[in-house]
Each structure stands twice: as structure tokens, then as C-alpha cells.
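A.B. asks: below: sequence and its predicted model.
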Amino acid sequence: MSDAGSGPDAPTPALGVEAQVFARNLLMLPYLLRRAGVPVSTGQTLSWLDALTRVELGDRSQVYHASRALLTTSVEHFRIFDLFFAKLLAAPDVMAPGKKRRPRAQRRKAEPALLSYMADKLRPFEAETELEDRDRRGSYSAAERLQSRSFGAMSERELEQVKRLIQDFRWQAIYRKTRRFEVAARGQSLAMRRVLASAARHGGHALELPRLRRKEKQRPIVLLADISGSMERYARLVLHFFCALTHAYKNVEAFAFGTRLTRLTPALRLKNVDRAVAEASGQIHDLAGGTRIGQCLSSFNRRWAGRTLGRGAIVVILSDGWDRGDTALLTRELSFIARRCHRLIWLNPLLARQGYEPRAQGMAAALPYLDDFLPLDKLRDISDLAKHLAKLQPGRGSRVAFH
């Protein structure tokens, strides 16, 4: 025998005035978290709203734990969440119950009252942690302002904006033609088996003339980033860059190198960008150390080249070329990579500087084996790289010549 006071048709117990005030203010929580830089998706918000119908709103502990579990995905965001949740408890009522309902025009002015109150109370905290909403969304104004600024000259806040803009880039897939064929409306030759089958079905008359074309598959991409002392200021930004490429393309392998080689691919494949970058950073143990490019490339060739350089791979190396290792070893290992990949691209932050010449021994030794030698010091350089990858032709071009 079921309890008459339970079940889906049972009346919802009335909330007290304080609980009603808190419930209305609580609806601002996802918006405020996004304003503070916490990534809260639409799916998370919908799941959270559904959870609020299943907990007792008068029990703040239930609401707190349900909200934190569904609106945050990283321990790093707990402090921000706790601060906003505590302020919501003390915030004044936006629309107190029992009052006469205001005209629509007045309600529009009253609705932002909570946000205004929160802004005044959290101004010192927001100065350190909050990003402008238009910059967080990767808007045109932020991108336009940061296009020509060097990464090395940016503030921490600007670098955070750039990281989010990098995630918004649209990377076009790079394809290669395989040896296999597929039926298509237009092709280089007739699909003779299908032509004969069509003729057999129609008394010897081939009424259909299907054609064949070569199948296309996405090219593998191999990313190798220098995280030594001379590249330290770019390290975190490079991880966001590699994470964006890993999410954009199907077959990507990412590595970091300084004095040794570290594979970052499993960490960067995590869907949550902040967690992916944090996991990748935790795996790098030689950050801001020395540089042995030749030795690290030798480790890559022995352990990973056979798995990653086949099927027309594109190799992207990001380094300033400063190397403390054996130049002959670097030359030999880079020559090995160049012979086995479809295209070898070297990105150098120093190339953007006026009057730069590749005098570092590592850079000078690598230059003859490169297909493309490009800068990577500004947001515009990443955009140019995306366009360059999209325009790559099936055939290998001539080696780069630096003037």
C-alpha cells in the first residue's frame, strides 16, 4: 500500500520565504560561474535544473553538493563555486514574495539587481579571476585586438583570452588519396564490375555507368613541442594549441621534449580542455630545463616513428632551435623524419622578430630538411597556420629556402 503523501502526483511542500528567495537567486548561479571563467555548458545547466527538482531546496547541503557536482568539472573551480554559493545565501531578494507584481518595464530593471549586488561584493575577486564575457566567448573584438600582439608581451589575462580563442579555431581536415577506390558520381574510370552487373540485369544493355575514384583519408599529424627554458613562456599556450589540434583532427600524436621525450596524446584527448592541459602538464618532468633536440628526436624515431609517420603524416615541430646536443645527431634524425613524412613543418617564435637569422646551431642544421619554416608568436600566426594546412597539396613541395 503506497503512502498517500508520496508519488509523482503528491503536492510539492510549500517553501518558506527564505527558501523561495534563495531558490530564485540560485537560478543566477550558472550565469555567474560562466562570467567568472568556469566552463558551464548548456547540458550541465539542464542536468542541474533537473537535479534541483529532486532535492529539498530547504536543505542547503543537498543543494550545494548537487550544484557543485553538476556545474564544476575541475577541483580548481571549487573555490570559485564556493564563493558564489556563499554570496547567494546572503544576497537580497530580487523579487520578494507577497509584493504587488510590477509592470514589465520595472521588472526588467529589477532582474539584474542580484548581478549588480554580486559585482559590488566580488569586485576584488573578479579583478583577479573574471574574464570579460565577450573575450571569453572568443568574440571578434577580442580576436581583433590580440591578433598582432606577441605572446611574450601579453599579460596573464590576455593569455587566458588567447587560450580560449585558440579553442574556437576551425581547423579544416587534411586528406590524402589512398590506393583503394570507391564508387562515385564522377571518377577517373568506370566501375566495370557494376557496369557488367547492370548489363546482365537489362538484357546486355548497360543502362548505368558508375565510376570509380580514389578514397580519401585524413592525414595523420605528429606534433613535437620544445618545452625547454628558452620556450618556457610559450609552454602552457602550446599545450592549449596542441589540445585544440588533437580535438580537431582524428589521428593526432602529441609529444613534448626538452632533455627527454614525453608523449602527451592520452592526456590531451580528454574532452575537458582545462583538465586535459592540467594532465599533460603533470606528465612533463623536464619543463624549463635544457634542450637536446637530436636526442629527443632519436627517441621518437626509435619508439614512435614506425607507428605515426606512415600514411602520409604531417610533422609539426615547435622550437626556437636552441640546442645543447650533438648537431650531427640532430641532422641524422631530422633527415630520417623528413624522408618518411609527407610534410615537415617547423614553427619558430623567433622568426616573427625583425632581422632574425637562424644562427643557432640546431636551427641552422634543421633548415635544409624543412618543407615549411613559419613563425608562431602571435594569434594571427596560428590562423595563418590553419589556412596553410588547409591548402596543402597531395604532392611534396620543394624544401624551404630561408633568406
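C.D. replies: In hand now; what should we look at? Residues are numbered from 1 along each chain as shown.

A.B. asks: and stretch 230-243, average pLDDT?
C.D. replies: Averaging pLDDT along stretch 230-243 yields 88.

A.B. asks: what of stretch 269-276?
C.D. replies: Stretch 269-276 comes out with an average pLDDT of 89.

A.B. asks: next: stretch 163-182.
C.D. replies: In this model, stretch 163-182 has a mean pLDDT of 82.

A.B. asks: show me what contacts residue 175?
C.D. replies: For residue 175, the contact set (C-beta atoms under 8 Å, 6 or more residues apart in numbering) comprises 216, 217, 218, 219. C-betas here are computed from N, CA, C, even on glycine.

A.B. asks: return the subset of those lying in strands.
C.D. replies: Among these, DSSP state E puts 216, 217, 218 in strands.

A.B. asks: returning to that earlier point: need the contacts of residue 175 in TSV with distance to residue 188, pLDDT and neighbour count, can you?
C.D. replies: Formatted as TSV, the contacts of residue 175 follow (distance: C-beta to C-beta, whole Å; pLDDT from 0 to 100; neighbours: other C-beta atoms under 10 Å):
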residue	distance to residue 188	pLDDT	neighbour count
216	13	84	14
217	18	86	16
218	21	86	15
219	21	91	22
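
A.B. asks: now render the residues you listed as a markdown table, adding distance to residue 50.
C.D. replies: What follows is the contacts of residue 175, written out as a markdown table (distance: C-beta to C-beta, whole Å):
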| residue | distance to residue 50 |
| --- | --- |
| 216 | 43 |
| 217 | 41 |
| 218 | 38 |
| 219 | 42 |
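
A.B. asks: longest single helix anywhere in this protein?
C.D. replies: helix 232-248 (DSSP state H).

A.B. asks: report all helices and strands that that helix contacts.
C.D. replies: helix 156-167, strand 221-226, strand 252-257, helix 265-268, helix 273-283 (3 or more C-beta pairs under 8 Å, 6 or more residues apart in numbering; DSSP states H and E).

A.B. asks: neighbouring strands of the second one in the sheet, and parallel or not?
C.D. replies: Within its sheet, and counting by DSSP bridges, strand 221-226 is paired with strand 252-257 (parallel), strand 314-318 (parallel).

A.B. asks: among these, which is nearest residue 306?
C.D. replies: strand 252-257 (12.0 Å; C-beta to C-beta).

A.B. asks: residue 317: how many residues sit nearby?
C.D. replies: Residue 317: 23 surrounding residues under other C-beta atoms under 10 Å.

A.B. asks: tell me how far it lies from residue 203.
C.D. replies: With distances taken as C-beta to C-beta, to the nearest Å, residue 317 is found 62 Å from residue 203.

A.B. asks: show me the shaky parts of the chain.
C.D. replies: For the chain, residues meeting the criterion pLDDT under 70 lie at 1-23, 89-143, 393-403.

A.B. asks: domains of it?
C.D. replies: Per the record, the chain has its domains at 17-129, 133-167, 177-217, 219-390, by automatic domain parsing.

A.B. asks: out of those domains, deepest packed?
C.D. replies: domain 219-390 (a mean of 19; mean count of other C-beta atoms under 10 Å).

A.B. asks: how far does it stretch from one end to the other?
C.D. replies: End-to-end distance of domain 219-390 (C-alpha to C-alpha, to the nearest Å): 12 Å.

A.B. asks: repeat for stretch 260-279
C.D. replies: In stretch 260-279, first residue to last residue: 18 Å (C-alpha to C-alpha).

A.B. asks: and stretch 248-258, by the same measure?
C.D. replies: The stretch stretch 248-258 measures 26 Å between its terminal residues, going by C-alpha to C-alpha.

A.B. asks: checking residue 177 next. Helix, strand or coil?
C.D. replies: Under DSSP: H, G, I helix; E, B strand; the rest coil, residue 177 falls in the strand class.

A.B. asks: need the strands for the stretch 301-403 of the chain, in chain order.
C.D. replies: Assigned by DSSP state E, counting those that start in this stretch, the strands in the stretch 301-403 of the chain fall at 314-318, 343-348, 372-375.

A.B. asks: cool, and the stretch 51-200 of the chain?
C.D. replies: Here the stretch 51-200 of the chain has its strands, by DSSP E, counting those that start in this stretch, at 175-184, 189-190.

A.B. asks: report the spatially closest residue to residue 73, excluding sequence-adjacent ones.
C.D. replies: Leaving aside its chain neighbours, residue 73 sits nearest to residue 272 (5.2 Å; criterion: C-beta to C-beta, 6 or more residues apart in numbering).

A.B. asks: look up how far residue 242 lies from that neighbour.
C.D. replies: Distance from residue 272 to residue 242, counting by C-beta to C-beta: 15 Å.

A.B. asks: on that earlier part again, make TSV out of the strands of the stretch 51-200 of the chain and add distance to residue 376.
C.D. replies: Formatted as TSV, these follow (distance: least, C-beta to C-beta, whole Å):
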stretch	distance to residue 376
strand 175-184	24
strand 189-190	43
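
A.B. asks: of those, which is nearest residue 54?
C.D. replies: Minimum separation from residue 54 across the strands of the stretch 51-200 of the chain (C-beta to C-beta) falls at strand 175-184, 47.5 Å.
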